[in-house]
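**Student:** here you go, sequence then predicted model.
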Amino acid sequence: MSNSKVTFRIGGVHPNDSKLARNCAIEVLPLPQTVYISMAQHLGAPAKPVVAVGDQVKVGQVIAEPGGFISAFVHSSVSGTVKSIAPRKDIAGNMVPHIEIAVEGDEWAEGIDLSDTLVTAIPSDRAAVLEKIKACGVVGLGGATFPTHVKLNPAPGSKAECLILNGAECEPYLTSDFRILLERTKEIVVGAAIMQMVLGGCRCVIGIEEIKPEAIEAMTAAVAELGYKDIEVLSLKKRYPQGGEKQLIDAVMRRQVKSGGLPISVGAVVQNVATSLAVYEAVQKNKPLITNTMTITGDCLPVERQHNYLFRIGMPLSYIAEYAGGIPEAAAKLISGGPMMGRAIANLDATTVKGSSSILYLSEAATKRKPESACIRCGRCADACPMGLEPFLLNRLYKAGDIEGLEAGSAQDCIACGCCLYSCPANIPLLDNVNQAKGQVMGVIRARAAAAKAAAEAAKAAENK
Amino acid sequence: MDKYLVSPNPHIHAAVSTQSLMRDVIIALLPAVLVSILFYGWSEILVLAVSVASCVLLEYAITRWMLKTPSTIGDLSAVVTGLLLAMNLPSTTPWWVVLVGAIVAIGVAKMTFGGIGQNVFNPAITARVFLLISFPTYMTDWTIPQGFIHANDAVSGATLLGMVSEGGLGSIADVSYLRTLFLNIGGSAGEISAIALLIGFAYLVIRRVIKPWITLSIFATVIVISGIFCLADPSQFTDPVFNLLTGGIILGACFMATDYVTSPMSDLGGVIYGIGIGVIVMMIRYFGSYPEGMSFAILLMNMTVPLLNNWFHSKKFGRA
C-alpha cells in the first residue's frame, strides 16, 4: 500500500462522517411474502418483462430483458408465482412498471453456485466474461447504476490505463461498502482482477479513505495474498465528494476528465467495490445481481438499532423498516442514499432496487432547511464546488433567466454533490436552482446538436443531388 | 408518510450561518477593542456604545418601519459595522458625530443599496470618510484622554503619520517601532495595537472565516513600494515598517478590505484588489494631501470589485 494520502484538487467539504453503523456486521434479511421488482433499476431504457402473470419463477431466473443498448437484464430475487405486471410508485412517487411475485419457498435456478468457496482462477475469454456480466444484469452500484458490461467495453481506439475501484464511500452515515470491504474482501479483489483482464491488463488502484484503516489493512493483506498483478491499495484523504467519478480519477491519476467527456478519455475506468463483488459473483459463481448491501442508520436511531443488511431486490422499504424495528419517533426525513446526494423517500411502499444503499433517518434538527437570507458574497459555495463552478453566480443568472450566461458559467458541469448548499451560510437553495439551470442548458445544447446534425444531413442530401 | 419532509439534496448543512461568521468577526475584534478601552478609558467606551447601539437600532428601524421587511439585526452584521466604525474614530469624537457616522454607515452606505450583501462600499469606511471630510477638526483631534492604564505622559499629539506630513521625517526620529507594534498611542482607536489586530486576523484565518490573500497582498504592496521609495531617498520617504504599523493599514487590511460584500469573490481578483489598495494608499501617503489614505484606497478599490468579479473566475474542473 502506498503511504501518500491523496485527494482531488478542487473544492470539497468535510461533513462529519457519522458512520454510526460501521461496527454492525452484515445480516441477511428474511424473505417477505411478496416482492415487487422494478423494471427501471439501471440507467437507460427500462427492461422489458419476459414472464407472464401466473408463471412460476425461481431465484435468479431472468424475468426481464434489456430494453435498449444502455439497459440491463433483471432477474427474480425470489421463487414463487408472478402475480401482476403493473405500474407502481417508486420512492419519489413516479409510476414505474414492476413485476409482483408472491414468495413460495427459496428455490434457486440451476447452475448458480451458492457455496462459499472462493474461486480465484481468472477466466481468459474476454467476450465470454463480458457476456456473463451482461447476462447477470450487473450495473454500477456506486449510485449511477450504469450497465457494467457497457462501461467495461470501451469504444474501439480508447484504451484503459487504470481501473479505479471506488471504496471511498465518502457520504456520511453509509457503511455498506465499508462492511463488504471487511467481510467480502477477497471476492472484491478477484472481481477487480476479472475486470482488469476484461480491460486488457491495465493496472488497478483500490481507493479507500484514511478513516477506514481496518478496510485498508484487510484489502492490502488480501491483495498480497491473492497475488494478482498490478493491484494496489491507495489511502485517500477524507474529503467529500471523493467518491465522485471525476474527483476520484483526479485524486488517483492527477488527470481531469474534460467537461462532457468520459473517464476513458483519460484512460480511466471507475467501478464501485460493490460492483466488483457483483462481477465476482456473476463470473465466478454464475449468480445474477439480485442482492446488495444496505445500511439502516440515522442520527435519531439508537446505535443498537443500526444495521447493515444483505437485501434482495424488490423488498418493500416498509418491510425492511418494520423488520428493523420501525421508523424512529424523532425521524423527520427518510432518505434513500447518503445525506449529501441521496433522495428523500416520498413513498415507503417503494421497493429496493439493485442500487439501494440505505434507509437513512434524519431528525428535524439535522435536516430541516433554515430560512433563506441574503447572499453575503462570502464565496464559500465557489470554494466548496468540486467542479470549480461559481454557484452564487449561476444562482443569479438562473433567476435572471440568462441561459447563455449559465452555459458560459458551465452550469451543465454540475454533478449535484450538494457542497454549495451544504456550505452556504445564508441557506440559499443553490443546488435546487443550479439543477434547474443545468436542465435548461442541457436542453439548449441538445437542441443545438440536433439542429447541427439536421443541417449537415440537409447539406449532404443537397450535395448528392 | 405525509408527516415526513421531502426535499432535494443535500439533506444536511454545515454548522455555519451569516450570524456565526459575524460572531467570529466580533470575537476577532475583541482584543483590539479591549486594548483601546484600557488606554482610552470611558470616552472610548462611549464611542463604542453609541456606535454599536445606533447602527443596530437604525438597521432595525429602517427594516421594520421604512422597508416593512423582517428585521436583519439578528445576523449581527450591524454590530460588526458599529464596532468597525468606532475603531475608525478618535476616542474623543463627540457622541453626536458618532451618531451621524452610524446614519451614514447603515442608512446611506448599507440600507440604501438594499441591505447586507448589496452594498458597493464598505459601510464603516464610507462613514469614516464622510466624517473626515465633514468634521475634520473632530476627526483629527488626537488628544489622549485618561485611560484605565496610564501609558504616556503626553496629553495630546498628532499621529505619527500626521507628524511626518507636517514636519518631515525628523519629527519622528525618536519613535521606536516596538512602541508602534504594541501601543501606538495617538490615532483612531483601531490603530492602537498592531499585535491585537493581528491576533484577530489570525483567528479569522484559522477559523476559515476569511482567506489571507487580500490582506497579505496589501502588506506586500506597501512593503515593496515604500521599500523602493525609501531606498531611493531615505531622507524624504518613510520606510516599510513604519508604513505598515501606522495609519490603519493593519486595521484596514485585516478587517475592512476583507469585508465579504465589498471585496472580490475570486482569489486572484482579491490579490489584484489588495495590490490596488496598497498602491493607492502609498501614493496618497507620499504625494497626497492626507497623511494616511487607507480609507480612500479601500473605497476606490471597492468600485473595481464588480469588474474584478467579471474578469476573474474560479478555475473550473476539466476546462483548462
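**Tutor:** It's in.

**Student:** make it CA atoms for all contacts and neighbour counts henceforth
**Tutor:** Fine.

**Student:** neighbouring contacts of stretch A:441-454?
**Tutor:** Stretch A:441-454 is contacted from outside by A:403, A:406-407, A:411-412, using C-alpha atoms under 8 Å, 6 or more residues apart in numbering or on different chains.

**Student:** if you rank those by neighbours, which is first?
**Tutor:** When neighbours are counted by other C-alpha atoms under 10 Å in any protein chain shown, A:A411 leads the contacts of stretch A:441-454 with 29 neighbours.

**Student:** what is the neighbour count of the closest residue in space to that residue that isn't next to it in sequence?
**Tutor:** Spatial nearest neighbour of A:A411, chain neighbours left out: A:K438 (5.2 Å); criterion: C-alpha to C-alpha, 6 or more residues apart in numbering or on different chains. Around A:K438 there are 23 other residues, counting by other C-alpha under 10 Å.

**Student:** give me the most central residue, chain A.
**Tutor:** For chain A, the residue sitting closest to the mean C-alpha position, by C-alpha atoms, centre = their mean, is A:G143 at 1.6 Å.

**Student:** chain A contacts on the stretch 101-250 of chain B?
**Tutor:** Proximity of the stretch 101-250 of chain B to chain A is confined to B:116-118 under the rule C-alpha under 8 Å from any C-alpha of the partner chain.

**Student:** in strands, which of those appear?
**Tutor:** Among these, no member is found in strands (DSSP state E).

**Student:** any of those residues buried? List them.
**Tutor:** B:116-118 (16 or more other C-alpha atoms under 10 Å in any protein chain shown).

**Student:** ok, those residues vs chain A, which is closest?
**Tutor:** Closest approach to chain A among these (C-alpha to the nearest C-alpha): B:G117, at 4.2 Å.

**Student:** for the stretch 151-300 of chain B, which segments count as helices?
**Tutor:** Along the stretch 151-300 of chain B, counting by DSSP state H, counting those that start in this stretch, helices occupy B:160-167, B:177-182, B:194-206, B:213-232, B:240-245, B:249-251, B:267-287, B:294-302.

**Student:** most tightly packed of those?
**Tutor:** helix B:249-251 (a mean of 28; mean count of other C-alpha atoms under 10 Å in any protein chain shown).

**Student:** so where is the chain shaky, pLDDT-wise?
**Tutor:** Assuming you mean chain A. Within chain A, the stretches with pLDDT under 70 are A:1-4.

**Student:** chain B is the one I meant
**Tutor:** B:1, B:142-187.

**Student:** got the domain ranges for it?
**Tutor:** Per automatic domain parsing, the structural domains of chain B span B:18-139, B:165-311.

**Student:** distance from the chain centre to the shortest one, please.
**Tutor:** Shown here is domain B:18-139, whose average C-alpha point lies 11 Å from the average C-alpha point of the whole chain (C-alpha atoms, centre = their mean, to the nearest Å).

**Student:** helix/strand/coil for A:L334?
**Tutor:** strand (DSSP: H, G, I helix; E, B strand; the rest coil).

**Student:** equivalent analysis for A:I211, please.
**Tutor:** coil.

**Student:** excluding chain neighbours, give the residue nearest to it in space.
**Tutor:** Nearest to A:I211 is A:K238, by C-alpha to C-alpha, 6+ apart, at 6.7 Å.

**Student:** now B:F237
**Tutor:** Nearest non-adjacent residue to B:F237 (C-alpha to C-alpha, 6+ apart): B:C230, at 5.1 Å.

**Student:** wouldn't the one you found be in contact with B:D239 here?
**Tutor:** Yes: using C-alpha atoms under 8 Å, B:C230 is in contact with B:D239, at 5.4 Å.

**Student:** next one: the residue most central in space within chain B from B:V25, what distance?
**Tutor:** Closest residue to the average C-alpha location of chain B: B:M256 at 3.3 Å, with C-alpha atoms, centre = their mean. Counting by C-alpha to C-alpha, to the nearest Å, the separation of B:M256 from B:V25 is 11 Å.

**Student:** out of the buried ones among the residues of the stretch 101-250 of chain B next to chain A, who's nearest A:A92?
**Tutor:** Proximity of those to A:A92 was ranked by C-alpha to C-alpha; the top entry is B:G117 with 36.1 Å.

**Student:** list the contacts for the closest one?
**Tutor:** By C-alpha under 8 Å, 6+ apart, B:G117 lies in contact with A:374-377, B:261.

**Student:** how about those residues in TSV, adding secondary structure and distance to A:A426?
**Tutor:** Shown next, in TSV, are those (DSSP: H, G, I helix; E, B strand; the rest coil; distance: C-alpha to C-alpha, whole Å):
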residue	secondary structure	distance to A:A426
A:A374	coil	6
A:C375	coil	6
A:I376	coil	7
A:R377	coil	10
B:V261	coil	13
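
**Student:** now a PyMOL select for only the buried ones of the residues you listed.
**Tutor:** Only the buried members of the contacts of B:G117 enter the following PyMOL selection, criterion being 16+ other C-alpha under 10 Å:
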select buried, (chain A and resi 374+375+376+377) or (chain B and resi 261)
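
**Student:** what parts of the stretch 1-150 of chain A come near chain B?
**Tutor:** A:10, A:15.

**Student:** can you pull out the helices in the stretch 1-150 of chain A?
**Tutor:** Counting by DSSP H, counting those that start in this stretch, one finds helices in the stretch 1-150 of chain A at the ranges A:126-135, A:148-151.
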